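A.B. asks: fold the stuff below for me.
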Amino acid sequence: MSLAAVQTPRPARQLSAVEDTPRSAAPHVRAVPAGPEARGFVLYVGLDEAKAQAAGTSLGEIVEAIKALTAQFAPEAETHAAVALAPRGAGGRDLDVVRLALQDPSALAAHRDEVADEEEQDRAHAGVVVDISRKRLVLDNEAAPLTYKEFELLQYLVLREGRTIERAELISSLWKAGDEEEVPNERTIDVHVRRLRAKLGRYEDIVRTVRGVGYRFDRHADVSIRYASTPSPDLF
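C.D. replies: Here you go, the predicted model:
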């Protein structure tokens with residue numbers, strides 16, 4: 001996942017951490033090792049702007065309230081807020097996204113392990129891997145050079161496995177007025193599908209033509225699909 005953030009300067013070492021806990025449970029604070037001294041703490045908050053608005057507040061208001069509370073307890077304390085950014089629709093838990101974007105060491109280590117595991121799975125899996133979580137297609141352990149629109153087309157069919165999708169639906173769902181790419185008509189949508197099939201190579205028949213109607217994705221035994229960490233709203 002590609003993430004960006006307005007980040008605070010990172011200390012030379014991590015001094016202590018508060019474990020993630022359910023709201024109803026008391027937080028467990030790991031003891032600071034003997035020798036170093038605690039100089040502050042980081043509180044990761046997983047909450048997007050839409051959820052904050054639904055609760056009748058905003059991220060900015062929450063930040064100011066936390067700063068005010070800190071000043072109430074310790075007037076000499078210095079505070080700095082950082083906002084974690086992620087691509088729209090990236091999925092995943094808000095808290096995990098924040099920790100990764102703001103370079104939390106344990107989150108980075110877990111992410112590296114996850115990527116390594118996926119790469120190992122790619123090497124071990126002959127056939128087709130449609131990786132929706134990372135927006136890529138792997139054919140016999142080699143990444144296929146799909147364009148963004150070609151992957152979007154494949155993903156749209158994959159998420160509706162077994163359902164025949166009419167050409168008009170593909171056009172209205174994948175091409176919007178004002179896009180840089182010209183909106184195709186029902187005849188030229190066939191050209192886009194042919195290009196996708198050409199890149200699928202010997203696996204081209206996973207995208208089926210339903211004569212007079214449209215196209216359908218049929219899963220074979222040699223096709224593996226990796227969904228995003230949160231279910232797609234388009235998943236049928």
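A.B. asks: apart from its chain neighbours, what residue comes closest to Arg99?
C.D. replies: Ala107 (3.7 Å; Cβ to Cβ, 6 or more residues apart in numbering). All C-beta atoms are positioned from the backbone trio N, CA, C, and that covers glycine.
A.B. asks: remind me which helix or strand the one you found belongs to.
C.D. replies: helix 105-124 (DSSP states H and E).
A.B. asks: and Ala52, what does it touch?
C.D. replies: Contact analysis of Ala52 by Cβ atoms under 8 Å, 6 or more residues apart in numbering lists 58-59, 61-62.
A.B. asks: drop anything exposed from those residues.
C.D. replies: Leu59 (16 or more other Cβ atoms under 10 Å).
A.B. asks: what segments of this structure are strands?
C.D. replies: 4-5, 84-85, 128-131, 136-139, 142-143, 165-166, 207-210, 214-217, 223-226 (DSSP state E).
A.B. asks: what's the least confident stretch among those strands?
C.D. replies: Across the strands of the chain, strand 4-5 has the smallest mean pLDDT, namely a mean of 42.
A.B. asks: so which of the contacts of Ala52 sit within helices?
C.D. replies: The members of the contacts of Ala52 that map onto helices under DSSP state H are 59, 61-62.
A.B. asks: pLDDT and distance to Arg219 added to those residues, as a markdown table?
C.D. replies: A markdown table is the format used below for the ones in helices among the contacts of Ala52 (pLDDT from 0 to 100; distance: Cβ to Cβ, whole Å):
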| residue | pLDDT | distance to Arg219 |
| --- | --- | --- |
| Leu59 | 89 | 41 |
| Glu61 | 92 | 47 |
| Ile62 | 92 | 44 |
